[in-house]
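A.B. asks: predicted model follows, preceded by the sequence.
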Amino acid sequence: MSETNAPLRIAIAGLGTVGAGVIRLLNTNRDLIAARAGRAIEVVAVSARDRSLDRGVDLSGYAWEDDMTELAGREDVDVMVELVGGSDGPALAASRAALKAGKGLVTANKAMIAHHGLALAELAEAAGVPLKFEAAVAGGIPVVKGLREGTSANALTKVYGILNGTCNYILSEMEETGADFSETLAEAQKLGYAEADPTFDIEGIDAAHKLAILAAIGFGAKVDFAAVRVSGITQVRAADIAQADALGFVIRLIAEADAHEGKLLQRVRPCLVAKDHPLAPVDGPTNAVVAEGNFSGRLLFQGAGAGDGPTASAVVADLIDIARSEVSAPFSMPVAQLQALPPAEPGHRMERTYIRFTVNDRPGVLAEITAAMRDADVSIESLIQKGRAHEGGEVLVAMVTHEGPEANVRRAIDLLDGSDSLTGDPLVLPILPN
Ligand code: NDP
Ligand code: HSE
């Protein structure tokens with residue numbers, strides 16, 4: 001690393017939405033950043049795939065490297081900023097190379113941190129250099145710093161929230177406009193919110209990456225992405241959103257983690273959220289994280305979870321911390337002290353549930369469904385059948401259960417498996433407690 005008052009020299013790999021945003025931010029707020037950091041932050045070199053692309057920022061003052069691993073090893077660089085993406089491949093190779101060469105690493109790459117964060121943290125520890133990834137979770141919201149530093153005196157009981165801007169945009173747009181799913185996804189992609197592979201967004205994987213990182217920091221646990229139970233939003237229909245609305249709820253993709261009796265439960269799933277819950281008004285690409293500490297009480301972090309400006313803001317905040325030499329352990333404590341917490345089984349957890357069936361409109365169908373509920377010891381709070389199908393057609397039956405063990409609902413659904421009364425798989429959505 002260079003001398004304390006010398007500029008912090010950075011290399012940027014990836015000049016897409018976030019990379020170009022970082023350059024724009026460094027240029028726009030140059031003096032303010034230098035004043036806050038105590039020294040200038042200077043881009044020395046950059047790398048992307050296509051040198052000829054116009055990215056809306058002037059790159060003429062920076063060296064260009066075709067190979068981002070070469071970029072990582074440059075003598076004139078203190079910190080590499082990885083904004084390429086992908087859990088493995090060139091991003092990982094270059095990130096490892098940077099740390100091994102004694103450079104600090106700043107990344108927005110949640111996939112890489114969720115899969116390889118511990119190994120990268122070990123490399124950073126061994127080299128005595130910083131590894132920072134504020135932008136990897138919830139875009140512009142300083143929630144990594146919030147959990148790692150702001151709540152560090154607390155035992156956390158729970159961390160949960162809305163961690164994917166694309167899904168939140170889709171669900172709230174569908175709610176607002178009644179537009180269909182694929183049309184709204186295309187719009188989110190156009191706005192730069194979605195991952196290179198948008199199935200990562202809509203299947204809940206991106207939120208799971210972020211949750212695994214937050215859970216590690218919040219509970220002092222080793223990152224365990226494989227243990228996250230994930231379901232995405234592709235099964236949610238406009239009819240479910242309308243039904244939820246009529247019942248006093250919105251639908252949001254919720255990522256939640258808690259640690260009890262030495263076990264960690266991490267899951268991502270669409271949930272019904274009561275309209276008076278603090279997460280209900282969170283719409284568009286906004287993210288929000290709730291952390292419950294044993295002394296802090298409930299904290300709510302909220303802001304833009306995606307997009308060039310907010311994400312660049314988080315990346316540059318990490319660079320300012322490094323320039324100031326304010327660097328703490330990436331996961332809040334040294335890797336050797338992080339615990340390997342086994343995954344918790346959720347079956348005994350109690351919750352209220354929304355269940356949507358699509359059924360053939362004929363006598364006896366409701367009796368069959370309610371018999372399965374009775375046999376699995378699921379208590380029904382309300383039940384609505386919507387519409388009246390023409391001969392032999394399909395109708396929607398929506399049900400809300402009283403609070404009960406999750407495993408019972410699963411058993412009821414299993415009992416109905418193969419029934420010719422059902423025209424498709426039921427959708428089971430938990431109701432988030434207030
Ligand atoms: P983009 O797809 O917009 O940009 C990716 C960049 O990486 C492009 O400039 C591309 O080059 C470059 N690239 C791809 N492969 C290589 C390679 N082998 N060598 C060098 N450069 C390469 O992605 P985003 O900017 O949206 O995302 C970047 C990272 O930030 C990802 O990890 C993403 O998950 C994360 N992130 C994104 C957010 C967002 O709102 N977009 C929010 C939070 C995190 P070229 O332009 O020449 O094709
Ligand atoms: N694809 C991500 C999202 C980008 O939609 O939230 C921000 O991490």
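C.D. replies: Looks like it came in fine. Numbers count the residues shown, from 1 in each chain. Ligands and ions are numbered 1, 2, ... in the order given.
A.B. asks: so which strand or helix has Asp240?
C.D. replies: Using DSSP states H and E, Asp240 maps to helix 238-247.
A.B. asks: return the residues in contact with the residue of the stretch 1-150 of the chain found nearest ligand 1.
C.D. replies: Distances between the stretch 1-150 of the chain and ligand 1 by CB to the nearest ligand atom are smallest at Gly16, namely 1.9 Å. Bear in mind the C-beta positions are built from the backbone N, C-alpha and C, glycine included. By CB atoms under 8 Å, 6 or more residues apart in numbering, the contact set of Gly16 is 48, 83.
A.B. asks: just the one 5 residues further on next, same as before
C.D. replies: For Gly21, the contact set (CB under 8 Å, 6+ apart) comprises 307-309, 311-312.
A.B. asks: any idea which of those has the most stuff around it?
C.D. replies: Thr311 (28 neighbours; other CB atoms under 10 Å).
A.B. asks: got the residues of the stretch 51-200 of the chain near ligand 1?
C.D. replies: 53, 68, 83-85, 90, 108-110, 135, 139, 192-193, 195-196 (CB under 6 Å from any ligand atom).
A.B. asks: so where does Leu214 fall, helix or strand?
C.D. replies: helix 205-219.
A.B. asks: Ile320 contacts Ile33, doesn't it?
C.D. replies: Yes - between Ile320 and Ile33 there is a contact under CB atoms under 8 Å: 6.4 Å.
A.B. asks: need the overlap of contacts for these two.
C.D. replies: Shared contacts of Ile320 and Ile33, counting by CB under 8 Å, 6+ apart, come down to Ile41.
A.B. asks: okay, these two: which has more neighbours?
C.D. replies: A count of neighbours by other CB under 10 Å puts Ile33 above the other of Ile320 and Ile33, at 21 against 17.
A.B. asks: of the contacts of Gly21, closest to Ser379?
C.D. replies: Closest approach to Ser379 among those (CB to CB): Gly307, at 43.6 Å.
A.B. asks: ok, now which ones touch Asp76?
C.D. replies: 9, 44-45.
A.B. asks: show me how to select, in ChimeraX, the buried members of those.
C.D. replies: In ChimeraX syntax, the buried subset of the contacts of Asp76 is picked out as below (16 or more other CB atoms under 10 Å):
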select :9,44,45
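A.B. asks: tabulate the contacts of Asp76 (a markdown table), appending pLDDT.
C.D. replies: What follows is the contacts of Asp76, written out as a markdown table (pLDDT from 0 to 100):
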| residue | pLDDT |
| --- | --- |
| Arg9 | 98 |
| Val44 | 98 |
| Ala45 | 98 |
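A.B. asks: the contacts of Asp76 in strands, which ones?
C.D. replies: Residues of those located in strands (DSSP state E): 9, 44-45.
A.B. asks: tell me where the model's unsure across the chain.
C.D. replies: For the chain, the stretches flagged by pLDDT under 70 are 1-4, 387-392.
A.B. asks: identify the residues contacting the longest helix seen in it?
C.D. replies: Counting residues, the longest helix in the chain under DSSP state H turns out to be helix 110-127. With contact meaning CB under 8 Å, 6+ apart, helix 110-127 is reached by 82, 85-88, 91-92, 95-96, 99-100, 102, 104-105, 107, 130-131, 133, 136-137, 200, 206, 208-210, 212-213, 216, 222-223, 225, 329-331, 334-335, 338.
A.B. asks: what subset of those is buried?
C.D. replies: Applying 16+ other CB under 10 Å to the contacts of helix 110-127 flags 82, 85, 87, 91-92, 95-96, 99, 104-105, 107, 130-131, 133, 136-137, 200, 206, 208-210, 212-213, 216, 222-223, 225, 329-331, 335, 338 as buried.
A.B. asks: out of those, who's near ligand 2?
C.D. replies: Residues of the buried ones among the contacts of helix 110-127 in contact with ligand 2 (CB under 6 Å from any ligand atom): Asp206.
A.B. asks: so which of the buried ones among the contacts of helix 110-127 are in helices?
C.D. replies: Among those, the residues falling in helices (DSSP H) are 91-92, 95-96, 99, 200, 206, 208-210, 212-213, 216.
A.B. asks: how about the nearest residue to Ala97 once chain neighbours are set aside, what does it touch?
C.D. replies: The shortest distance from Ala97 to any non-neighbouring residue, by CB to CB, 6 or more residues apart in numbering, is to Ala72 (4.2 Å). Contact analysis of Ala72 by CB under 8 Å, 6+ apart lists 11, 13, 80, 94-95, 97-98, 101, 103.
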